[in-house]
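Novice: Sequence first, predicted model second:
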Amino acid sequence: MFNKKLMTAAAVSAALASSASFAGTLDSVKERDSLQCGVSSGVPGYSVPDDKGVWTGLDVDVCRAIAAAVLGDASKVKYIPLTAKERFTALSSGEIDVLSRTTTWTLTRDSQLGINFAGVNYYDGQGFLVKKDLGVSSVKDLDGATICIQSGTTTELNTADYFNANGLAHTPVTFDTNDQAATAFDTGRCDAFTTDLSQAFALRSRMGDPNSVVALPEVISKEPLGPSVKQADDQWFNMVKWSLNAMINAEELGVTSANVDDLKANSKNPSIQRLLGGSEGLSKGLGVDDDWSYRIIKQVGNYGESFDRNLGAGSALGIDRGINALWNQGGFLYAPPIR
Amino acid sequence: MPTDLSRSAPPGEKTRFWNDPAKRALLFQVLLIGAILLFAGSLISNTLNNLEQRGITTGFAFLSQKAGFGIPLSLIEYNESSTYGTTFFVGLFNTLLVSVLGIIAATILGFVMGVARLSDNWLIAKLSAVYIEIFRNIPLLLQIFFWYFAVLRTLPSPRQSIEFLGSFLNIRGLSMPAPVAEGGFNLVIGAFAVGVVLTFVMSRWAHKRQDQTGQIFPTFWAGLGLLIGLPLIVFMLAGMPMHLDYPVLKGFNFRGGMTLIPELVALWLALTIYTAAFIAETVRAGILAVPNGQLEAASALGLPKVRTLRLIVIPQAMRVIIPPLTSQYLNLAKNSSLAAAVAYPDLVAVFAGTTLNQTGQAVEIMSMTMAVYLTMSILTSLFMNWYNKRMSLIER
């Protein structure tokens, strides 16, 4: 008797659950009053917690920007560290609202995993690190080498493609995290370590003797990295996409966290006025108030500030803007206008 | 009972079916099964619906797609242009490899340690006790890390390899000469097969002779001669139809020969040492379960100690040992899935890891992986139960 009741109850509740209407991510984030953001388990410059547990990085700033836009407070983010293997399942199962974790935008991922890429916040490419004393000056010299890689990444596929295309043999040793792969390389398990160049430099800074490690000149792939969201939720997709666009537009218009209040009050530039909420009803379609991008710039800063603070001159990594400069300064960064 | 009840009803007046306990029980069972099927059905359709809603492709078609990534250790033919289906088998065989190696080594070490803990020699008994208590109580993952990151990482680089007998030990593993068979080696295999048959026949004959005359034939040494000596003689007579492929340092690494990768060694060591500690305790419990009277009787007969252990104690102890031993074997096989921690390409790392990540087919891949572990466990369990039945006391 008891069993039957229990089973009936379970069957009914399962049927109810499956017929429940699909609540938008934007609404559930507002309701929860916190954004659940999937980040890496620690890549310097992109997403890394300090000794007080405060997360910083270029990818973390995307999370903070979304939280500032939607919830009014950049600190209302719950960071969920994920390995490369866990990230997509976490996103498509709804465990996280947005994935901002050095993830390469590819056809398969965009079309088969049930996710959408909301833009590019870093244009990267895959490179190789070797020890100086190995005496190698090109990837082409690495025939027969053992290579440490993080498993489940585009890196793993690119490496196999590149070595095959050039008729070179290689032995991959794959680890769960990039950190482990870098450590294994550092202790001599592998001849080379390969990953996206920016991360390679970040991880090199943690190695025993960073100066004994050099990058080979070849960049063997395109790795456009950017935040992604679950598919079939266009409202949320737009919100994430435009949070990133707002940061890039702000840099282009010269709006920084320092001058944003002044410009909001005094600027006569209509583009700046629209960016800072001076044009009423412009953001109605996003489902947030008109001040959303003002809050992003005020609390997080524009893209250039974020880059300098985390990767560029103002950081320990000192990475050059390179192709990640704005479109009108010789780089790739280009955001559609806010109007 | 129910039939009695219906029979007791007045003739002509049928019992209503809800008053009949047998029929009522049947009804409830049908309802329960219906509810379970409904529940399972809604679970499956719910999953499929959700997958479709989220634009995730389903089905097993991905298994025939090109995998495109490399795997450092594979027992079957594999390269970057093999399919995802092949990665499944590569992972599966790597899991089986480390499990079988681990089970063999853990059984030997476990038996030795278990018997040693009961030794009269104070030092041996205490050393064994210390070993068991230490390794039984440290989490397996830490032990894997210990062997891999602390012990094996201190080995020299390939160019400073430790060299012995044509083998090279370095941080990339142990490169050994690989035996390569030439024509005529089939004769040696044939000789070995003959040796196996002869050993079997001889041991039956020796048993019979002992039963009849009481004389003991040195079966062990004779068997050794047949199994190793006979093929060896044939090998020599056939003109040694085999050569060794020696590893040579070429470029960065050793080419040729065969290489035992450190990931496999670390995982194998950790699994063996960890599980052996549990097996040792099982063995000790089994031996202690043999009544002391049996030992006293044996010594009264004047049987030497080794023979007492081999013929009287161990066979009886086995009956106690086998069931918990089975569960240790199952644990070892399942624990091998911690391989991903040290880059050993087992089923979980290769298939449920990389392949899952490249294809995104989480539901299909996880069910296949779970089915493998379930099958492995059931097969081990069936085999050990069969063995247990064979070994159990035959009561007359």
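Specialist: Structure received.

Novice: Can you pull the residues of the stretch 51-200 of chain B lying near chain A?
Specialist: B:51, B:53-57, B:68-72, B:80-81, B:149, B:153, B:157, B:171-172 (C-beta under 8 Å from any C-beta of the partner chain). Every C-beta, even on glycine, is put in place using the N, C-alpha and C of the backbone.

Novice: Got a quick ChimeraX command for the buried subset of these?
Specialist: Applied in ChimeraX, the following selects the buried portion of these according to 16 or more other C-beta atoms under 10 Å in any protein chain shown:
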select /B:51,54,55,56,57,68,69,70,71,72,80,149,153,157,171,172
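
Novice: What segments of the stretch 101-250 of chain B are helices?
Specialist: B:122-136, B:140-145, B:185-213, B:219-224, B:230-237 (DSSP state H, counting those that start in this stretch).

Novice: what's the answer for the stretch 1-150 of chain A, then?
Specialist: Ranges of helices in the stretch 1-150 of chain A, per DSSP H, counting those that start in this stretch, are A:2-19, A:25-32, A:58-71, A:87-92, A:107-112.

Novice: So what's the model's average confidence on the last one?
Specialist: For helix A:107-112, mean pLDDT rounds to 87.

Novice: now the first one
Specialist: Here helix A:2-19 scores 46 as its mean pLDDT.

Novice: same deal with stretch A:232-247?
Specialist: Averaging pLDDT along stretch A:232-247 yields 94.

Novice: is chain B contacted by that stretch?
Specialist: Yes. Judged by C-beta under 8 Å from any C-beta, stretch A:232-247 comes into contact with chain B at residue A:232.

Novice: Give me the buried positions along that stretch.
Specialist: A:233, A:236-247.

Novice: Please apply the same query to stretch B:188-203.
Specialist: Those would be B:188, B:191-192, B:195, B:198-199, B:202, for stretch B:188-203 by 16+ other C-beta under 10 Å.

Novice: before we move on, which element is residue A:167 in?
Specialist: If you go by DSSP states H and E, residue A:167 is not part of any helix or strand.

Novice: no no, residue B:293
Specialist: Using DSSP H and E, residue B:293 falls in helix B:292-300.

Novice: pLDDT weak spots in the chain?
Specialist: No chain specified, so I'll use chain A. For chain A, the stretches with pLDDT under 70 are A:1-23.

Novice: try again with chain B
Specialist: B:1-14, B:54-55, B:393-396.

Novice: need the strands for it, in chain order.
Specialist: Taking DSSP state E to define them, one finds strands in chain B at B:162-164, B:167-170, B:173-176, B:178-181, B:242-245, B:248-250, B:253-255, B:258-260.

Novice: Touching, residue A:296 and residue A:68? I think so.
Specialist: Yes. Taking C-beta atoms under 8 Å as the definition, residue A:296 is a contact partner of residue A:68 at 4.9 Å.

Novice: Please identify every residue contacting each of these two.
Specialist: Residues touching both residue A:296 and residue A:68 by C-beta atoms under 8 Å, 6 or more residues apart in numbering or on different chains: residue A:74.

Novice: Those residues of the stretch 151-300 of chain A touching chain B, which are they?
Specialist: So the stretch 151-300 of chain A meets chain B at A:151-153, A:156-157, A:159-161, A:164, A:170-176, A:180, A:183-184, A:187-189, A:191, A:230-232 (C-beta under 8 Å from any C-beta).

Novice: Narrow the residues you listed to those in helices?
Specialist: A:156-157, A:159-161, A:164, A:180, A:183-184 (DSSP state H).

Novice: Pull out the buried residues from those residues.
Specialist: Neighbour counting with 16+ other C-beta under 10 Å marks A:156-157, A:159-160, A:164, A:180, A:183-184 as buried within those.

Novice: related to what we said a few turns ago, could you dump the helices of the stretch 101-250 of chain B into a markdown table with distance to residue B:310 added?
Specialist: As requested, these are arranged in a markdown table below (distance: least, C-beta to C-beta, whole Å):
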| stretch | distance to residue B:310 |
| --- | --- |
| helix B:122-136 | 18 |
| helix B:140-145 | 32 |
| helix B:185-213 | 15 |
| helix B:219-224 | 11 |
| helix B:230-237 | 26 |
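
Novice: I'd like to know which of these is closest to residue B:280.
Specialist: Taking C-beta to C-beta, helix B:122-136 is the member of the helices of the stretch 101-250 of chain B nearest to residue B:280, at 5.2 Å.

Novice: Need the contact partners of stretch B:357-368.
Specialist: Taking C-beta under 8 Å, 6+ apart as the criterion, the residues outside stretch B:357-368 that touch it are A:84-85, A:88-89, A:108-109, A:112-114, A:151-153, A:156-157, B:47, B:51, B:56-60, B:62, B:65, B:67-69, B:84, B:88, B:351-352, B:355-356.

Novice: Filter those down to the buried ones.
Specialist: A:84-85, A:88-89, A:109, A:112-114, A:151-153, A:156-157, B:51, B:56-57, B:62, B:67-69, B:84, B:88, B:351-352, B:355-356.

Novice: ok, the residue of chain A found nearest chain B - contacts?
Specialist: Going by C-beta to the nearest C-beta, chain B is nearest to residue A:152 of chain A, at 3.1 Å. When contacts are counted by C-beta under 8 Å, 6+ apart, residue A:152 touches A:83-85, B:353-354, B:356-358.

Novice: what ranges do the strands span in the stretch 151-300 of chain A?
Specialist: For the stretch 151-300 of chain A, applying DSSP state E, counting those that start in this stretch gives strands covering A:170-175, A:192-196, A:213-215, A:223-225, A:228-230.

Novice: Residue A:51: neighbour count?
Specialist: 5 (other C-beta atoms under 10 Å in any protein chain shown).

Novice: which phi and psi does it have?
Specialist: phi -70, psi -10 (degrees, to the nearest 10).

Novice: So the closest residue to residue B:134 other than its chain neighbours versus residue A:302, what's the distance?
Specialist: Residue nearest to residue B:134 in three dimensions, not counting chain neighbours: residue B:277, with 7.9 Å by C-beta to C-beta, 6 or more residues apart in numbering or on different chains. Here the criterion is C-beta to C-beta, to the nearest Å. By it, residue B:277 lies 59 Å from residue A:302.

Novice: Ok, residue B:190 next?
Specialist: Counting by C-beta to C-beta, the gap from residue B:190 to residue A:302 is 80 Å.

Novice: In chain B, what residue lies closest to chain A?
Specialist: Closest point on chain B to chain A, by C-beta to the nearest C-beta, is residue B:357, at 3.1 Å.

Novice: How many neighbouring residues does that residue have?
Specialist: Counted with other C-beta under 10 Å, the neighbours of residue B:357 add up to 25.
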